[in-house]
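Colleague: Here's a sequence, model it:
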Amino acid sequence: MKSINPEVVTRIPTKYGPFFIKAYHYLNDQPNLAIHTEGLQTNKPVYVRIHSECMTGDVFGSSKCDCGEQLDFSMKWIQKHEGVIIYLRQEGRGIGLINKLHAYNLQEKGLDTKSANLELGFHEDPRDYTPAIGILKDLKIDRIRLLTNNPMKVEAFEGSQIKVVERVPIEIEPRPENLFYLQTKKKGMRHMLSSKQL
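Modeller: Next up is the predicted model:
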(Lines give C-alpha, C1' and ligand atoms only; values in the text may rest on other atoms or scores of the structure.)
Protein backbone atom coordinates (compact mmCIF):
# COMPACT_ATOMS: atom_id res chain seq x y z
CA MET A 1 0.00 0.00 0.00
CA LYS A 2 1.18 3.51 -0.86
CA SER A 3 2.26 5.39 2.25
CA ILE A 4 0.27 8.48 3.19
CA ASN A 5 1.18 11.47 5.29
CA PRO A 6 -0.98 14.10 6.98
CA GLU A 7 -1.41 17.48 5.31
CA VAL A 8 -1.72 19.24 8.67
CA VAL A 9 -1.71 18.42 12.38
CA THR A 10 -3.29 20.56 15.08
CA ARG A 11 -4.52 20.31 18.66
CA ILE A 12 -8.11 21.10 19.62
CA PRO A 13 -9.90 21.28 22.97
CA THR A 14 -13.30 19.56 22.96
CA LYS A 15 -16.08 18.88 25.46
CA TYR A 16 -14.58 15.39 25.75
CA GLY A 17 -11.04 16.62 26.39
CA PRO A 18 -8.08 17.60 24.18
CA PHE A 19 -7.35 15.79 20.93
CA PHE A 20 -4.89 16.06 18.10
CA ILE A 21 -6.35 16.06 14.59
CA LYS A 22 -4.40 14.93 11.54
CA ALA A 23 -5.93 15.59 8.13
CA TYR A 24 -5.08 13.29 5.22
CA HIS A 25 -5.83 14.27 1.63
CA TYR A 26 -8.75 12.44 0.07
CA LEU A 27 -11.16 12.88 -2.83
CA ASN A 28 -12.69 16.24 -3.71
CA ASP A 29 -10.64 17.99 -1.03
CA GLN A 30 -12.61 16.21 1.69
CA PRO A 31 -9.88 14.98 4.06
CA ASN A 32 -10.03 11.83 6.13
CA LEU A 33 -9.16 12.58 9.73
CA ALA A 34 -7.29 10.89 12.57
CA ILE A 35 -8.45 12.25 15.92
CA HIS A 36 -6.24 10.95 18.71
CA THR A 37 -5.36 11.54 22.33
CA GLU A 38 -2.15 13.07 23.54
CA GLY A 39 0.73 10.72 24.27
CA LEU A 40 -0.62 7.95 22.05
CA GLN A 41 1.26 4.77 22.99
CA THR A 42 1.73 2.50 20.00
CA ASN A 43 3.81 -0.16 21.75
CA LYS A 44 0.59 -1.81 22.90
CA PRO A 45 -2.83 -2.47 21.29
CA VAL A 46 -4.57 0.85 20.65
CA TYR A 47 -8.30 1.53 20.88
CA VAL A 48 -9.52 2.52 17.41
CA ARG A 49 -12.89 3.63 16.10
CA ILE A 50 -13.32 3.80 12.32
CA HIS A 51 -16.28 6.13 11.81
CA SER A 52 -17.82 6.89 8.44
CA GLU A 53 -19.14 10.41 8.05
CA CYS A 54 -22.86 10.85 8.76
CA MET A 55 -23.81 14.52 8.55
CA THR A 56 -27.43 13.90 9.51
CA GLY A 57 -26.47 11.93 12.62
CA ASP A 58 -23.09 13.38 13.60
CA VAL A 59 -23.99 17.05 13.06
CA PHE A 60 -27.77 17.35 13.20
CA GLY A 61 -28.53 14.58 15.71
CA SER A 62 -30.87 12.59 13.46
CA SER A 63 -32.68 9.75 15.22
CA LYS A 64 -33.04 7.72 12.00
CA CYS A 65 -29.66 6.08 12.73
CA ASP A 66 -27.31 5.55 15.67
CA CYS A 67 -24.25 7.17 14.04
CA GLY A 68 -24.14 10.35 16.10
CA GLU A 69 -24.52 8.41 19.32
CA GLN A 70 -21.79 5.96 18.27
CA LEU A 71 -19.45 8.89 17.59
CA ASP A 72 -20.30 10.44 20.97
CA PHE A 73 -19.63 7.10 22.70
CA SER A 74 -16.33 6.74 20.84
CA MET A 75 -15.11 10.24 21.67
CA LYS A 76 -15.74 9.60 25.36
CA TRP A 77 -14.20 6.10 25.26
CA ILE A 78 -11.09 7.17 23.33
CA GLN A 79 -10.49 10.15 25.60
CA LYS A 80 -10.78 7.93 28.69
CA HIS A 81 -8.76 4.95 27.43
CA GLU A 82 -6.47 6.67 24.87
CA GLY A 83 -6.61 5.85 21.20
CA VAL A 84 -7.71 7.19 17.84
CA ILE A 85 -10.88 7.84 15.87
CA ILE A 86 -10.47 7.62 12.10
CA TYR A 87 -13.16 9.74 10.47
CA LEU A 88 -13.68 8.60 6.89
CA ARG A 89 -15.54 10.77 4.39
CA GLN A 90 -17.88 8.01 3.29
CA GLU A 91 -21.26 9.64 3.78
CA GLY A 92 -24.24 7.32 3.52
CA ARG A 93 -22.15 4.14 3.54
CA GLY A 94 -20.19 5.53 0.63
CA ILE A 95 -23.08 6.71 -1.61
CA GLY A 96 -22.86 10.40 -0.69
CA LEU A 97 -25.21 12.79 1.08
CA ILE A 98 -27.60 13.46 -1.82
CA ASN A 99 -28.12 9.76 -2.49
CA LYS A 100 -28.50 9.09 1.22
CA LEU A 101 -31.33 11.60 1.37
CA HIS A 102 -32.93 9.86 -1.63
CA ALA A 103 -32.56 6.61 0.33
CA TYR A 104 -34.33 8.25 3.27
CA ASN A 105 -37.31 8.97 1.03
CA LEU A 106 -37.40 5.34 -0.06
CA GLN A 107 -37.27 4.30 3.57
CA GLU A 108 -40.32 6.49 4.23
CA LYS A 109 -42.11 4.31 1.66
CA GLY A 110 -41.23 1.13 3.56
CA LEU A 111 -37.83 0.02 2.24
CA ASP A 112 -35.11 -0.78 4.74
CA THR A 113 -31.69 0.91 4.58
CA LYS A 114 -30.15 -2.02 2.71
CA SER A 115 -32.92 -2.29 0.11
CA ALA A 116 -32.95 1.48 -0.42
CA ASN A 117 -29.28 1.46 -1.42
CA LEU A 118 -29.89 -1.43 -3.80
CA GLU A 119 -32.94 0.33 -5.28
CA LEU A 120 -30.75 3.36 -6.04
CA GLY A 121 -28.28 1.13 -7.91
CA PHE A 122 -25.60 0.88 -5.22
CA HIS A 123 -24.09 -2.01 -3.29
CA GLU A 124 -25.69 -2.36 0.13
CA ASP A 125 -22.43 -1.15 1.72
CA PRO A 126 -19.74 -0.02 -0.75
CA ARG A 127 -17.40 1.51 1.81
CA ASP A 128 -13.64 1.11 1.51
CA TYR A 129 -11.52 0.87 4.66
CA THR A 130 -8.17 0.94 2.87
CA PRO A 131 -7.59 4.60 3.83
CA ALA A 132 -8.03 3.70 7.51
CA ILE A 133 -5.31 1.06 7.23
CA GLY A 134 -3.00 3.62 5.62
CA ILE A 135 -3.66 6.12 8.40
CA LEU A 136 -2.97 3.53 11.10
CA LYS A 137 0.32 2.68 9.39
CA ASP A 138 1.25 6.36 9.37
CA LEU A 139 0.51 6.45 13.10
CA LYS A 140 2.79 3.40 13.59
CA ILE A 141 -0.10 1.34 14.97
CA ASP A 142 -0.06 -2.40 14.23
CA ARG A 143 -2.34 -3.84 16.94
CA ILE A 144 -5.79 -2.49 17.63
CA ARG A 145 -8.83 -2.89 19.84
CA LEU A 146 -11.56 -2.05 17.33
CA LEU A 147 -14.73 -0.28 18.48
CA THR A 148 -17.37 -1.66 16.12
CA ASN A 149 -20.40 -3.87 15.63
CA ASN A 150 -19.71 -4.26 11.91
CA PRO A 151 -18.00 -7.50 10.83
CA MET A 152 -16.91 -5.86 7.55
CA LYS A 153 -14.60 -3.55 9.51
CA VAL A 154 -12.98 -6.49 11.27
CA GLU A 155 -12.65 -8.39 7.98
CA ALA A 156 -11.06 -5.34 6.32
CA PHE A 157 -7.88 -5.97 8.32
CA GLU A 158 -7.48 -9.58 7.18
CA GLY A 159 -4.28 -9.83 5.16
CA SER A 160 -3.05 -6.45 6.34
CA GLN A 161 -0.14 -5.78 8.68
CA ILE A 162 -2.53 -4.62 11.37
CA LYS A 163 -3.94 -7.15 13.83
CA VAL A 164 -7.33 -6.78 15.51
CA VAL A 165 -6.73 -8.21 18.98
CA GLU A 166 -10.18 -7.33 20.34
CA ARG A 167 -13.56 -6.10 19.17
CA VAL A 168 -15.24 -3.63 21.50
CA PRO A 169 -19.02 -3.41 20.88
CA ILE A 170 -20.87 -0.09 20.74
CA GLU A 171 -24.45 -0.83 21.72
CA ILE A 172 -26.82 2.14 21.51
CA GLU A 173 -30.29 1.88 23.07
CA PRO A 174 -32.80 1.64 20.20
CA ARG A 175 -35.30 4.44 19.64
CA PRO A 176 -38.67 4.07 17.90
CA GLU A 177 -37.24 6.10 14.99
CA ASN A 178 -34.22 3.81 14.42
CA LEU A 179 -35.52 0.43 15.58
CA PHE A 180 -36.18 -0.83 12.02
CA TYR A 181 -32.76 0.51 10.94
CA LEU A 182 -30.98 -1.38 13.73
CA GLN A 183 -32.98 -4.54 13.05
CA THR A 184 -31.87 -4.35 9.41
CA LYS A 185 -28.24 -3.92 10.42
CA LYS A 186 -28.47 -6.98 12.69
CA LYS A 187 -30.53 -9.33 10.52
CA GLY A 188 -29.66 -8.15 7.02
CA MET A 189 -26.09 -6.88 7.35
CA ARG A 190 -24.60 -9.19 10.03
CA HIS A 191 -23.94 -6.42 12.57
CA MET A 192 -23.14 -7.91 15.96
CA LEU A 193 -25.89 -6.38 18.10
CA SER A 194 -27.10 -8.13 21.23
CA SER A 195 -30.12 -6.04 22.19
CA LYS A 196 -33.16 -8.23 22.84
CA GLN A 197 -35.30 -5.49 21.31
CA LEU A 198 -33.78 -6.36 17.95
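Colleague: List the buried residues for the worst-scoring helix or strand of the chain on mean pLDDT?
Modeller: When each helix and strand of the chain is scored by mean pLDDT, DSSP states H and E, helix 179-188 comes last, with a mean of 77. By neighbour count on 16 or more other Cβ atoms under 10 Å, the buried set for helix 179-188 is 180-186. To be clear about C-beta, it is placed using only N, CA and C from the backbone, and glycine gets the same treatment.
Colleague: Do I have it right that Asn117 meets Tyr104?
Modeller: No - using Cβ atoms under 8 Å, Asn117 and Tyr104 do not qualify as a contacting pair, with a distance of 11.3 Å.
Colleague: These two: which is more packed in?
Modeller: Asn117 (24 against 16; other Cβ atoms under 10 Å).
Colleague: what's the pLDDT at the more buried one?
Modeller: Asn117 carries a pLDDT score of 83 in this model.
Colleague: which ones are touching it?
Modeller: Applying Cβ atoms under 8 Å, 6 or more residues apart in numbering to Asn117 gives the contacts 93, 95, 103, 123-125.
Colleague: what's the distance between it and Leu106?
Modeller: Counting by Cβ to Cβ, to the nearest Å, the gap from Asn117 to Leu106 is 9 Å.
Colleague: Within the helices and strands, which one has the residue positioned nearest the centre of the chain?
Modeller: Of all residues in the chain, the one closest to the mean position by Cα atoms, centre = their mean is His51, 1.7 Å from it. Element membership for His51 (DSSP states H and E) is strand 46-52.
Colleague: and the helix or strand just after that strand, how far out from the chain's middle?
Modeller: Using DSSP H and E, the helix or strand that follows strand 46-52 in sequence is helix 67-81. Once both centres are worked out by Cα atoms, centre = their mean, to the nearest Å, helix 67-81 turns out to sit 11 Å from its chain's centre.
Colleague: Now do the next helix or strand after helix 67-81 against strand 46-52, angle only.
Modeller: Counting by DSSP H and E, the next helix or strand C-terminal to helix 67-81 is strand 83-88. If you take axes from the mean of the first three to the mean of the last three Cα atoms, to 10 degrees, strand 83-88 sits at 20 degrees to strand 46-52.
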